[in-house]
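J.: After the sequence you'll find the predicted model.
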Protein chains: 2
Amino acid sequence: MQLFYCPELTKGALHLNNEESRHCIKVLRKKNGDVIHLIDGQGNFYEVKINLASQKKVGFEILKTWKEEKRPYKLHIAIAPTKNMDRFEWFLEKVTEIGIDEVTPLFCDRSERKTIKEERLNKILLSATKQSLKAKLPLLNDASSFHEFVTKTHDSHTFIAHCEDQNKESLKSMTSSNPTILIGPEGDFSPEEIRLALEHEFKPIHLGNARLRTETAGIVACHTVALQHEK
Amino acid sequence: MQLFYCPELTKGALHLNNEESRHCIKVLRKKNGDVIHLIDGQGNFYEVKINLASQKKVGFEILKTWKEEKRPYKLHIAIAPTKNMDRFEWFLEKVTEIGIDEVTPLFCDRSERKTIKEERLNKILLSATKQSLKAKLPLLNDASSFHEFVTKTHDSHTFIAHCEDQNKESLKSMTSSNPTILIGPEGDFSPEEIRLALEHEFKPIHLGNARLRTETAGIVACHTVALQHEK
């Protein structure tokens, strides 16, 4: 199933935007009367019939709509973007496939990268959402400094997956259905950052015995939570 | 810790090969008397002192040796290489980090790729092994046709993660410490392949509810097994 993205549907609009219209008509050669499938990025699927087949603006009428099955958990990962952007993009693609709600790029003391291209990252999230036949787009929050993120109030169970040799429990043994997990840069969080997080009631956790790259740790954390909630 | 690879150690040789010697002396500027760390790819670490600092052949004497901690499982994944080779390489890197013993590239009815470059894939396995500070290199078996792989005798518990709507148990609920898991190409295994695998006592399993790309399914299968055996 090919999915088109139409966030405007939540405001009642019955047409695709420029980019999706072009893809629909020019690349996939859809015609008036053809039935296609849309998502609004908010968790809804739509079966629609094209009634205006223009490359600039595809119009349609809705035939059927249904909701994506809700995941039994709500997961937020705040993670230091990797120096090599490919690795961060791969992380975004994989956690979208496995199932995630929010990602916050986190700039840490030892971060080697302090800028990101939000537009490109959102495109990757969208493409992975469509490819894995989901209707809800993960939310990419604005990048945040570690300090700002850790000291604000979170409406979730907060965890920090740091690598220092301290008393930590395995994420596997946590049973939160609403976790927020911090994943550090390649050189780990700094001792000051870890102290600050613990002061603000982030629970220290580990992700097993293996030494993992940042993006792998992010994927492994996401999959651990998904697996805990698998029916 | 920087690790050098010296498979010749298992035969008693006390020098690095050309490539590792060059990297050691030319790139990392190690000198006579410097202490470096080696792995033999078979699960052993060595602390050695350089006694010959040539770019073509680094000689050393062994100061100390120790074994990598054994994983509580032995995992073999036979997986269809993806059309886009980057994705397959990413799979190899990630499962090496998480922990795997053997990978067999599997050519299936619906495989879009029927060739691989073993030398390059072995380099990726080696690089990920060093990076994650492991001493045992995963074994990359010769590529195999699905038929050949499934019909031969396996000294392990055999599973097939196919996507057809059949009665399947979750890999999560399996407790094998010695699994061999088949992961299919993007278009899934063919019905004939699934039938053949079931006939040969491969147990059908699923990897959760999400729709995953081939390389993601491979990583998720590996992490599921690792998580089951986490202490």
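T.: Nice, thanks for sending it over.
J.: make it CA atoms for all contacts and neighbour counts henceforth
T.: Fine.
J.: residues of whichever strand or helix holds A:I62 that come out buried?
T.: A:I62 is part of strand A:58-67, with elements assigned from DSSP states H and E. The neighbour-count check on strand A:58-67 (16 or more other CA atoms under 10 Å in any protein chain shown) flags A:58-61 as buried.
J.: give me phi/psi at the residue nearest the centre of chain A?
T.: Residue closest to the average C-alpha location in chain A (CA atoms, centre = their mean): A:P138, at 3.7 Å. Main-chain torsions, A:P138, degrees, to the nearest 10: phi -60, psi 150.
J.: do A:L75 as well
T.: A:L75 has phi and psi values of phi -120, psi 130 when expressed as degrees, to the nearest 10.
J.: my guess is the residue nearest to the centre of chain A meets A:T96, correct?
T.: Yes. A:P138 is within contact range of A:T96, at 6.9 Å (criterion: CA atoms under 8 Å).
J.: What segments of chain A are strands?
T.: A:3-5, A:35-39, A:44-53, A:58-67, A:76-79, A:102-107, A:139-140, A:144-145, A:157-161, A:169-170, A:179-183, A:203-206 (DSSP state E).
J.: hang on, the earlier thing: JSON lines please, covering the buried residues of strand A:58-67 and showing pLDDT.
T.: Below are these laid out as JSON lines (pLDDT from 0 to 100):
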{"residue": "A:V58", "pLDDT": "96"}
{"residue": "A:G59", "pLDDT": "97"}
{"residue": "A:F60", "pLDDT": "97"}
{"residue": "A:E61", "pLDDT": "97"}
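J.: now those in CSV, with distance to B:H200?
T.: Shown next, in CSV, are the buried residues of strand A:58-67 (distance: CA to CA, whole Å):
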residue, distance to B:H200
A:V58, 51
A:G59, 52
A:F60, 50
A:E61, 50
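J.: so what's the closest residue to A:I62 other than its chain neighbours up against?
T.: Among residues not flanking A:I62 along the chain, A:V48 sits closest, at 4.3 Å (CA to CA, 6 or more residues apart in numbering or on different chains). Taking CA atoms under 8 Å, 6 or more residues apart in numbering or on different chains, we find A:V48 in contact with A:35-38, A:60-64.
J.: Let me see the contact set for A:S111.
T.: Neighbours of A:S111 in contact, by CA under 8 Å, 6+ apart: A:80-83, A:185-187.
J.: Pick out the most distant pair among the residues you listed.
T.: Maximum pairwise distance among the contacts of A:S111 (CA to CA): 12.2 Å, between A:P81 and A:G187.
J.: Looking at these two, which one has more neighbours?
T.: The residue with more neighbours, out of A:P81 and A:G187, is A:P81; 30 against 14, by other CA atoms under 10 Å in any protein chain shown.
J.: Please report phi then psi for the more buried one.
T.: Torsion angles, degrees, to the nearest 10, at A:P81: phi -60, psi 140.
J.: quick one: contacts for the residue nearest to the centre of chain A?
T.: A:96, A:100-103, A:125.
J.: Could you list the contact residues of chain A toward chain B?
T.: For chain A, the residues in contact with chain B (CA under 8 Å from any CA of the partner chain) are A:94, A:97-99, A:132-133, A:172, A:208-213, A:216, A:220, A:223-224, A:227, A:230.
J.: Which positions in stretch A:166-185 come out as buried?
T.: Within stretch A:166-185, the residues that count as buried by 16+ other CA under 10 Å are A:168, A:171-172, A:176-185.
J.: Need the max-distance pair from those residues.
T.: The span of the buried residues of stretch A:166-185, defined through CA to CA, is set by A:S177 and A:P185 at 25.1 Å.
J.: Separate out the buried members of the residues of chain A next to chain B.
T.: A:94, A:97-99, A:132-133, A:172, A:208, A:210-213, A:216, A:220, A:223-224, A:227.
J.: Which ones among these lie within helices?
T.: Applying DSSP state H to those, the entries found in helices are A:94, A:97-98, A:216, A:220, A:223-224, A:227.
J.: would JSON lines of these with pLDDT be doable?
T.: Listed next are those as JSON lines, based on pLDDT from 0 to 100:
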{"residue": "A:K94", "pLDDT": "98"}
{"residue": "A:E97", "pLDDT": "98"}
{"residue": "A:I98", "pLDDT": "98"}
{"residue": "A:T216", "pLDDT": "98"}
{"residue": "A:V220", "pLDDT": "98"}
{"residue": "A:H223", "pLDDT": "98"}
{"residue": "A:T224", "pLDDT": "97"}
{"residue": "A:L227", "pLDDT": "95"}
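J.: With distance to A:A161 as extra columns, can I get the contacts of A:S111 in CSV?
T.: Output for the contacts of A:S111, formatted as CSV (distance: CA to CA, whole Å):
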residue, distance to A:A161
A:A80, 12
A:P81, 15
A:T82, 16
A:K83, 19
A:P185, 11
A:E186, 12
A:G187, 13
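J.: Out of those residues, which is nearest to chain B?
T.: A:E186 (11.3 Å; CA to the nearest CA).
J.: Could you report the distance from that closest one to A:K83?
T.: Going from A:E186 to A:K83 by CA to CA, to the nearest Å gives 9 Å.
J.: related to what we said a few turns ago, what's the closest of the contacts of A:P138 to B:D142?
T.: A:T96 (32.3 Å).
J.: Might one say that the closest one is in contact with A:I124?
T.: No. The pair A:T96 and A:I124 fails to qualify as a contact (CA under 8 Å) at a distance of 9.3 Å.
J.: higher neighbour count, the two?
T.: Using other CA under 10 Å as the criterion, A:T96 and A:I124 rank with A:T96 on top: 30 against 17.
J.: Grab the nearest non-local neighbour of A:H229.
T.: A:P72 (6.2 Å).
J.: Just give me the neighbour total for that neighbour.
T.: By the criterion of other CA under 10 Å, A:P72 has 14 neighbours.
J.: Now do it against A:T175, distance only.
T.: 12 Å.
J.: Give me the phi and psi for A:Q166.
T.: Dihedral angles (degrees, to the nearest 10) for A:Q166: phi -130, psi 180.
J.: Please tell me the pLDDT value assigned to it.
T.: Turning to A:Q166, the model gives it a pLDDT of 88.
J.: The closest residue to A:N17 other than its chain neighbours - how many residues pack around it?
T.: Spatial nearest neighbour of A:N17, excluding adjacent residues (CA to CA, 6+ apart): A:K57 at 6.2 Å. A:K57: 19 surrounding residues under other CA under 10 Å.
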